[in-house]
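Novice: Okay, predicted coordinates and the sequence, questions at the end:
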Amino acid sequence: MHSVKPNLTTTLVEYLREQIISGQITAGEKLPSENSLITEHCVSRTVVREAITRLQAEGLVHTRRGAGSFALTPPAQDGEHNSRIPRTLEERRQLLEYRLGFETEAAALAAMNHQDNDLHSMDQALQGFEAAAGNAAQSMSCDYEFHLALARATGNAYFIQAVTTFGPAMIAMPRQRFETGISGASDRLGSVMAEHETIRQAVASGNALTAAAAMRVHLGNSISRLESEAGKNA
């Protein structure tokens with residue numbers, strides 16, 4: 001039974017990936033519903049959700065809670081200035097190091113420049129993350145929405161561009177982080193939630209140094225969690 005599902009998932013991923021890259025599903029277009037994919041491809045709901053999660057990790061799909069999954073603009077092939085989609089553990093670590101640089105400063109600016117609607121957007125993302133209860137697609141989507149809301153709170157278009165260039169792929173971590181039933185998964189999710197809440201409160205306080213420190217702690221912990229997960233899988 002276990003040997004069949006990965007093949008079904010991979011087949012569905014390849015089909016949807018080709019649809020997006022070829023433009024048959026255009027950027028911003030909603031993907032077929034879960035029920036449609038289940039019926040059309042004769043697969044289970046679990047297979048569909050795992051396929052969507054993998055496409056999110058590749059930066060090809062973004063899921064909005066209550067709205068469905070939408071195609072993102074696929075990165076152009078072999079472009080010198082295109083964003084790199086992290087695929088290996090080392091690439092994910094390098095992306096976190098990059099984020100540690102610019103998002104720490106973004107948090108400081110957000111503390112100084114945020115508006116009430118920015119805090120509301122962060123709160124919505126936090127509530128969605130908590131409600132996701134470990135669902136991979138929803139957790140990654142809400143995690144991304146939180147960091148995007150913070151970038152918008154800076155009032156600086158370049159910080160927003162830095163986040164949107166990567167899209168939800170910037171959040172993609174080893175899938176163990178989001179899988180229920182994996183030892184320590186709920187603790188890791190709880191830690192991420194608590195760190196996000198600390199960042200939000202620091203931004204709301206208007207203290208740039210506190211907000212920058214909170215973001216540095218969060219992303220530093222994210223690197224530690226990544227290394228810990230990598231070690232367990234070695």
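Specialist: Noted; the coordinates are in hand. Numbers count the residues shown, from 1 in each chain.

Novice: This structure - how does it break down into domains?
Specialist: Structural domains assigned to the chain are 5-71, 89-233, following automatic domain parsing.

Novice: Any chance of JSON lines for these, columns mean pLDDT and mean neighbour count?
Specialist: The way it works is simple: take the backbone N, C-alpha and C, and place the C-beta from them, glycine included. Formatted as JSON lines, these follow (pLDDT from 0 to 100; neighbours: other C-beta atoms under 10 Å):
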{"stretch": "domain 5-71", "mean pLDDT": "84", "mean neighbour count": "17"}
{"stretch": "domain 89-233", "mean pLDDT": "85", "mean neighbour count": "18"}
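
Novice: Any chance you could list what contacts the helix or strand hosting residue 192?
Specialist: Following DSSP states H and E, the helix or strand that holds residue 192 is helix 185-205. Surrounding helix 185-205, the residues in contact under the criterion C-beta atoms under 8 Å, 6 or more residues apart in numbering are 107, 110-111, 114, 118-119, 122-123, 125-126, 129-130, 134, 139, 143, 146, 150, 153, 176-180, 210-211, 213-215, 217-218, 221-222, 225.

Novice: so how far is that helix from its chain's centroid?
Specialist: Between the mean C-alpha point of helix 185-205 and the mean C-alpha point of its chain there is a distance of 15 Å (C-alpha atoms, centre = their mean, to the nearest Å).

Novice: which residues of the chain fall in strands?
Specialist: For the chain, the strands defined by DSSP state E occupy 61-64, 68-71.

Novice: same for the last one, what does it pack against?
Specialist: If contacts are counted by 3 or more C-beta pairs under 8 Å, 6 or more residues apart in numbering; DSSP states H and E, strand 68-71 sits against strand 61-64.

Novice: roughly how far apart are residue 125 and residue 18?
Specialist: 31 Å (C-beta to C-beta, to the nearest Å).

Novice: Next: residue 43.
Specialist: 17 Å.

Novice: same thing with residue 205?
Specialist: 48 Å.

Novice: same deal with residue 169?
Specialist: Applying C-beta to C-beta, the value for residue 169 to residue 18 is 18 Å.

Novice: Repeat that for residue 50.
Specialist: According to C-beta to C-beta, residue 50 stands 18 Å off from residue 18.

Novice: Same check on residue 213?
Specialist: Between residue 213 and residue 18 the distance, using C-beta to C-beta, works out to 45 Å.

Novice: Residue 206 too?
Specialist: 48 Å.

Novice: ditto for residue 10
Specialist: Counting by C-beta to C-beta, the gap from residue 10 to residue 18 is 13 Å.

Novice: try residue 95
Specialist: Taking C-beta to C-beta as the measure, residue 95 falls 25 Å from residue 18.

Novice: what does residue 9 give?
Specialist: Computed with C-beta to C-beta, the distance linking residue 9 and residue 18 is 15 Å.

Novice: Break down the chain into its helices, ranges please.
Specialist: Per DSSP state H, the chain carries helices over the ranges 5-21, 34-41, 45-57, 89-113, 116-132, 136-153, 157-166, 185-205, 208-233.

Novice: Just tell me which of those ends up closest to residue 71.
Specialist: Across the helices of the chain, the minimum distance to residue 71, taken as C-beta to C-beta, is reached by helix 5-21, at 4.7 Å.

Novice: what's that closest one in contact with?
Specialist: By C-beta under 8 Å, 6+ apart, the list of residues contacting helix 5-21 from outside reads 24-25, 31, 37, 41, 43-44, 46-48, 50-51, 54-55, 58, 60-61, 71-72, 74.

Novice: what about 10 Å?
Specialist: Outside of helix 5-21, the residues within contact range by C-beta atoms under 10 Å, 6 or more residues apart in numbering are 24-27, 29, 31-32, 37, 40-44, 46-55, 58, 60-61, 69, 71-75, 77.
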